[in-house]
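Engineer: need coordinates for the below:
(one chain, ligands or ions: 1)
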Amino acid sequence: MLIQVMGGPNVGYEEFTFPDGQQHVTLAADVSWSDVVVTASLCNADDLFDLLLVTDILHNNHNGVHLRVDYLLGARMDRRICEHIHDPYKTRLKLTEPTICPGCGAMYQKGRWRWTAHPPVDAHKEMCQACHRAMDKYPAGTLTLTGGFVDSHKTEILHLVRNQEELEKNEHPLHRIMEIEQGPGRIVVKTTDIHLPRRIGEAVHHAFHGDLDFHYEKEAYLLRVNWTRES
Ligand SMILES: [Zn+2]
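Structural biologist: Numbers count the residues shown, from 1 in each chain. Below is the predicted model of the structure:
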């Protein structure tokens with residue numbers, strides 16, 4: 001079995017069997033929250049069981065899992081099973097390179113979106129998934145900050161939120177804040193991706209303590225992060 005971060009390195013894994021006969025798998029690196037491609041050949045029941053263990057770990061680590069079965073016992077060898085990308089906004093077609101998003105100006109080149117100071121004049125034009133989501137008002141992530149502390153420290157919290165967005169967005173143009181709603185004892189940050197709310201939530205937790213928790217719905221490609229502190 002091959003486990004690979006999409007567009008990135010292979011991830012090793014170790015298998016061992018507990019004394020009572022239970023099998024266990026450990027990944028050699030922490031690849032939480034990334035898209036991962038698993039390529040497996042299923043020749044017998046043990047192979048299938050290993051694959052189930054690995055996909056279970058990846059799902060628990062909030063990975064988007066793309067499964068490729070090279071060989072499936074009992075099926076024709078040229079048949080493939082593909083579990084598709086969970087993010088419904090992510091285009092399944094390969095974009096022409098270079099492509100410029102008319103919404104935000106990001107450029108798609110060498111397989112990823114990046115910022116550019118000099119967009120090529122002959123570039124294709126297609127809207128990126130972050131701009132699509134913003135247009136549809138359909139966030140992938142929400143971070144809800146609640147409690148009395150939010151009112152007494154609103155300026156510092158909002159500054160931290162924007163600062164974390166800036167850092168993330170520099171490297172990942174499609175990880176952005178779509179909207180910030182404010183109410184009494186409450187700030188709700190809606191994002192175009194599922195990475196940013198976690199990053200901001202962790203930064204807020206690090207700076208101001210309080211309670212932080214995450215809920216990820218992989219079927220809906222939706223992450224909800226909640227943070228709360230009363231005083
Ligand atoms: Zn865009």
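
Engineer: what's the helix or strand for the closest residue to residue 26 other than its chain neighbours?
Structural biologist: Nearest in space to residue 26, with sequence neighbours left out and distances taken as CB to CB, 6 or more residues apart in numbering, is residue 14 at 5.0 Å. Where C-beta positions appear, they are placed from N, C-alpha and C, glycine not excepted. Using DSSP states H and E, residue 14 falls within strand 13-17.

Engineer: please work out the average pLDDT along that strand.
Structural biologist: Mean pLDDT, strand 13-17: 77.

Engineer: got it, and stretch 115-132?
Structural biologist: For stretch 115-132, the mean confidence score works out to 93.

Engineer: got the CA coordinates for it in CSV?
Structural biologist: The C-alpha trace of stretch 115-132 is given here as CSV (Å, rounded to 0.1, in the frame of the first residue of the first chain):
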residue,chain,number,x,y,z
TRP,A,115,-0.2,34.9,-5.8
THR,A,116,1.4,36.7,-8.6
ALA,A,117,2.5,40.2,-9.2
HIS,A,118,2.7,39.7,-12.9
PRO,A,119,-0.2,37.8,-14.3
PRO,A,120,0.5,36.6,-17.9
VAL,A,121,-1.7,38.4,-20.4
ASP,A,122,-2.6,35.1,-22.2
ALA,A,123,-3.6,33.2,-19.1
HIS,A,124,-6.9,31.3,-19.0
LYS,A,125,-9.6,32.8,-16.8
GLU,A,126,-11.5,30.7,-14.3
MET,A,127,-12.8,31.4,-10.9
CYS,A,128,-11.1,29.6,-8.0
GLN,A,129,-13.1,27.6,-5.5
ALA,A,130,-12.5,30.2,-2.8
CYS,A,131,-14.1,32.9,-4.8
HIS,A,132,-16.9,30.5,-5.8
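
Engineer: check whether it comes near the ion.
Structural biologist: Yes - part of stretch 115-132 sits near the ion under the criterion CB under 5 Å from the ion, namely 128, 131.

Engineer: what does that stretch contact?
Structural biologist: 87, 89-91, 95-96, 98-109, 113, 135, 170, 173-176, 192-193 (CB atoms under 8 Å, 6 or more residues apart in numbering).

Engineer: counting contacts, what elements does the host helix or strand of residue 54 pack onto?
Structural biologist: Take DSSP H and E as the rule and residue 54 turns out to sit in helix 45-60. Packing partners of helix 45-60 (3 or more CB pairs under 8 Å, 6 or more residues apart in numbering; DSSP states H and E): strand 23-27, strand 35-42, strand 64-72.

Engineer: related to what we said a few turns ago, can you turn the buried part of the contacts of stretch 115-132 into a PyMOL selection?
Structural biologist: The following PyMOL line selects those of the contacts of stretch 115-132 that are buried, judged by 16 or more other CB atoms under 10 Å:
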select buried, resi 87+89+90+98+99+100+101+104+106+107+108+109+113+173+174+175+176+192+193
